[in-house]
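Engineer: From the sequence below, what's the structure:
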Amino acid sequence: MFNLKFAVKDLERQAKKSEKEEKAEILKTKKAIQKGNTEVARIHAENAIRQKNQSLNYLRMSARVDAVASRVQTALTTRQVTNSMAGVVKAMDAAMKGMN
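Structural biologist: Okay, here's the model as predicted:
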């Protein structure tokens, strides 16, 4: 369970890192355009697009792993409640037998 939550945080960190790199590439693109270097600007623009897509992919993966972690947590909680209910039923059965 801990590993899943850790993976979610790691993926979110990677997404933020990609967003920062995207912004840096956009700035480089603007500077290249101002200098008149269209080919360099095109390369930086492609890098910015790649970083944006990578950031979105990290966020998607983070959401999927988080959903899996939630399902696992729900299953664990359900199992604990089921075990508790089994104990309660046994105790109630013993109490009913004791009353008769």
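
Engineer: Spatially nearest residue to Val40, not counting backbone neighbours?
Structural biologist: Of all residues not flanking Val40 in the chain, Ala32 sits nearest, at 4.2 Å (C-beta to C-beta, 6 or more residues apart in numbering). From N, CA and C alone the C-beta is placed, and that goes for glycine too.

Engineer: can you give me the mean pLDDT across the helix or strand hosting that neighbour?
Structural biologist: Here Ala32 is covered by helix 2-35, with elements defined by DSSP states H and E. Helix 2-35 carries an average pLDDT of 96.

Engineer: In that helix, which residues are buried?
Structural biologist: Residues of helix 2-35 classed as buried: 4, 7-8, 11-12, 14-15, 18-19, 21-22, 25-26, 28-29, 32 (neighbour count, 16 or more other C-beta atoms under 10 Å).

Engineer: For the helix or strand just after it, which helices and strands make contact with it?
Structural biologist: Sequence order places helix 38-99 as the next helix or strand after helix 2-35, per DSSP H and E. Counting contacts by 3 or more C-beta pairs under 8 Å, 6 or more residues apart in numbering; DSSP states H and E, helix 38-99 packs against helix 2-35.

Engineer: How far off centre is the helix holding Ala32?
Structural biologist: Relative to the mean C-alpha coordinate of its chain, helix 2-35 is positioned 15 Å out (C-alpha atoms, centre = their mean, to the nearest Å).

Engineer: Sounds good, over and out.
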